[in-house]
Structures are given as structure tokens and as C-alpha cells.
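Q: sequence first, then the predicted structure:
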Amino acid sequence: MGYTVKEVSTRRDLQRFIAFPDRLYRDCKAYVPALHKDQFHALSGVSTLSYCRRKMWLVLDGRQVAGRICAMVNPRYNALYGKRRARFGWFDTIEDFEVARLLLETAETWAKGQGMDEIHGPLYYNTLGKQGMLVEGFDNIPPFNCLYNHAYYNDFVARLGYTKECDWVQYLIPADKGLPEKTRRVAQVVRERYPELHACRVSRLKKDPDWVRRFFKTYNNSFASSVHNFVPFTEAEIEEEAQSVLSYVSDKGCCVLLDGQEEVAAFGICFPSISRALQKAKGRLFPFGWFHLLRAMNDYTTTDLMLNGAAPRWQLRGISALYYTDLEAKARRLGMKRAVTNPQIESNDAVNIWNAYEREPYMRRRCYIKRIKQ
């Protein structure tokens, strides 16, 4: 019996779509499963679907799932960049090239029918979701917000005509070695030059809904010109992210700098690693997943450096040295041993900040692109 392609059209199909990686990566010690409820929301109820189009498919081997893929069109991205591109994501396959071919060619055919002339991925609908196919660092456990995949995925997409669009890099940094002296000197200069800059307790800011909205608008402005393929959040997405992300943001591992007008000037957001807790939870909060996650949220031994940035008027003024100094002091108090940087585009000058630190390569992930034949 050969493979068949099935469009995801029922709740049962979606459940199988979400659960497939649990079996595919069952014996992989580095894979970090996402919570099924979060995946269900992302694929059926997230506010981004109010303007994005998407289709999902399974490849079946008899009754058993052998692969999955989601194809998306984000019209806001295409309008912003003057492109006609589709995206693919949630791409997983057994080690069989025929399955990968069926998945990607099905996505390409749909994209072509939508009037697109290119397809790239793996990507999410917008910027904050999981993106980038792992090409280096397969033995390392990724942060919870990063993709993991088998090495053979890269061989399959290359054979199907996909080429590199861009790479993101991540580093592992000792968090108990202190700051470089240069960073401390720059921080002192910035304090003297801009005395109006001050850190504010995140716990206080989180209680102010208006401030939360201003924070995400600063996020939009901060990354608009520096992050590859960046798509600014809509108002609905800001509200949604505020609800889902801010509950994890704590004064323990974060720093928000305000200016003299109490506007957000810069921010450094860190989370304790919850990757091993998610491995123990196996995609489910119950019966014991919540317990593993609760314990992990108080253990900063390994920390994920999630987001850092500055409002446009404060960029290129050395302001990052201020929040790095604040975060280093918190790291010492929390007993941090190591930190994993967030994925940063290799062509962005901001990635050079890590050259001043003791570091080692941790992961490299890639966005692939292909021209669709009309």
C-alpha cells in the first residue's frame, strides 16, 4: 500500500497532526514537545488566523501518520515586503524522502493556487513563533520556543530544490563568569550621559494594561528594521501575547528600562529553561505536567535569553550595557550557571555583542526558500 495525502479537516485529524511528533521523536533525548493545548490554539484559534490563510495535511501510511505540514499565506508580510510568498511550518516526516516530497509538493501546489510564486520555511504565521530548521546542534536541547528536527530534514528539502534564505545562530554562555570589563565601562558612561534612564519593577508594570500595550508597541518598533522577515503585531495579537507571555515574565530574570517620560527605552527578557520540564510533561499539563513546569519556573540554573531590544530613539547608544549589567547582578543572585541566547540572524550586527563573552556555538537553524514554477 502506498502513501496517501489527507487534508486536515476534522478535530480528530488535528489531534493526529499535533500528536505525530510525540511518536516520531519518542527516542530522541534532545526533542522538546510543545504542550498540545498550545498547539491546538495556534492551529485553530490564534488571532493571527483572522488575516492569514492556511491549510494542513497529513501523509498516511495506511492508517498511521507518516508526515505532516502546514502551508500559510500572511498577506501583511507580502504587502510589507512586496512579495508573493507562502510559508510552510509544522513540517515533520519519517525518514523517507517520498513522504517529504508529498508534503512539500502539496504545500507548493496550494501556494501556487493562492497566487504565490515563492515558498519559504519552516516559519510561523508571524515573527514570534517557532521557526528555522535545525542544521547544527542536534545533540543540544533547544529552548522551549525553538524548533527541533532530525538532520535528514535538511537533505530532503535540498533535494527538492530548496536553498538557504537565512540562518539564525544561538550561543551557550557561562552565566557565572561576570560581565566583560568593557560592558561595565559602557554602562557607566551611559548612566552618566542619560541619568533619566531607570529600571522599573516588571511586577508593577504588569498590572497596568496600558503599559503592556505600550511595551509591545515598543517591541514592534524595536525590531521593525533589524529582524529578518519581521511582521509587526496587530492590536489583537498584542492583546493575545500579553495574556500568554506576561504571566511568565518576572522581576527575577528581566529588566525593563524607562526614560524620563516613563516610556519603554529598552528591555531584556529572560526565562528559566523549561525544556526538560516539557520533556517530562510529554505535551500535557495533566496529570503531572503542571508540577514539572512549576518547579522549572523557579530554577534559573539554565536560563533562556528570550528577547532584548531598544526603542528606535535609544538604539546605537550603548543602552544594552545597562540592562546586561542589571541582568548579570540578578544572575549571580539566582545562581545561574549557563544561558542560551535567542536565535539571531547571522547577518544582523547585533549578534556581534556575544563576541565580548566567553561562548560556544549551540545551535544554527535555517530558513529555506524555493521558487514555485508557474
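A: Received the coordinates, thanks. Numbers count the residues shown, from 1 in each chain.
Q: show me the shaky parts of the stretch 201-350 of the chain.
A: Residue ranges of the stretch 201-350 of the chain with pLDDT under 70: 225-226, 350.
Q: which non-adjacent residue is nearest Y152?
A: E95 (5.3 Å; C-beta to C-beta, 6 or more residues apart in numbering). No exception for glycine: its C-beta is placed from N, CA and C like everyone else's.
Q: how about N126?
A: Using C-beta to C-beta, 6+ apart, the nearest residue to N126 is V231, at 4.5 Å.
Q: ok, back up a step: tell me the SS of the residue nearest to Y152?
A: E95 falls in the coil class when you classify it by DSSP: H, G, I helix; E, B strand; the rest coil.
Q: D155 is in contact with that one, correct?
A: No: counting by C-beta atoms under 8 Å, E95 sits too far from D155 to count as a contact (9.7 Å).
Q: can you give me the helices for the stretch 51-200 of the chain?
A: Listed in chain order, the helices of the stretch 51-200 of the chain (DSSP state H, counting those that start in this stretch) span 75-81, 97-113, 152-159, 181-193.
Q: C367 bridge partners, please.
A: On the basis of DSSP bridges, C367 is bridged to C166.
Q: quick check, N308 in a strand?
A: Yes: assessed with three-state DSSP, N308 lies in a strand.
Q: M363: which of the helices of the stretch 51-200 of the chain is closest?
A: Nearest of these to M363, taken as C-beta to C-beta: helix 152-159 at 13.4 Å.
Q: which other residues reach that closest one?
A: With C-beta atoms under 8 Å, 6 or more residues apart in numbering as the test, helix 152-159 has contacts from F91, T93, E95, F97, A100, R101, L104, M133, L134, V135, R366, Y368.
Q: at 7 Å instead, please
A: E95, F97, A100, M133, V135, Y368 (C-beta atoms under 7 Å, 6 or more residues apart in numbering).
Q: quick check, pLDDT for E118.
A: Listed pLDDT for E118 reads 98.
Q: do the same with T106
A: 98.
Q: any chance of JSON lines for the helices of the stretch 51-200 of the chain, columns mean neighbour count?
A: Output for the helices of the stretch 51-200 of the chain, formatted as JSON lines (neighbours: other C-beta atoms under 10 Å):
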{"stretch": "helix 75-81", "mean neighbour count": "14"}
{"stretch": "helix 97-113", "mean neighbour count": "19"}
{"stretch": "helix 152-159", "mean neighbour count": "16"}
{"stretch": "helix 181-193", "mean neighbour count": "14"}
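Q: need those helices in TSV (columns: distance to P122).
A: Output for the helices of the stretch 51-200 of the chain, formatted as TSV (distance: least, C-beta to C-beta, whole Å):
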stretch	distance to P122
helix 75-81	15
helix 97-113	11
helix 152-159	9
helix 181-193	34
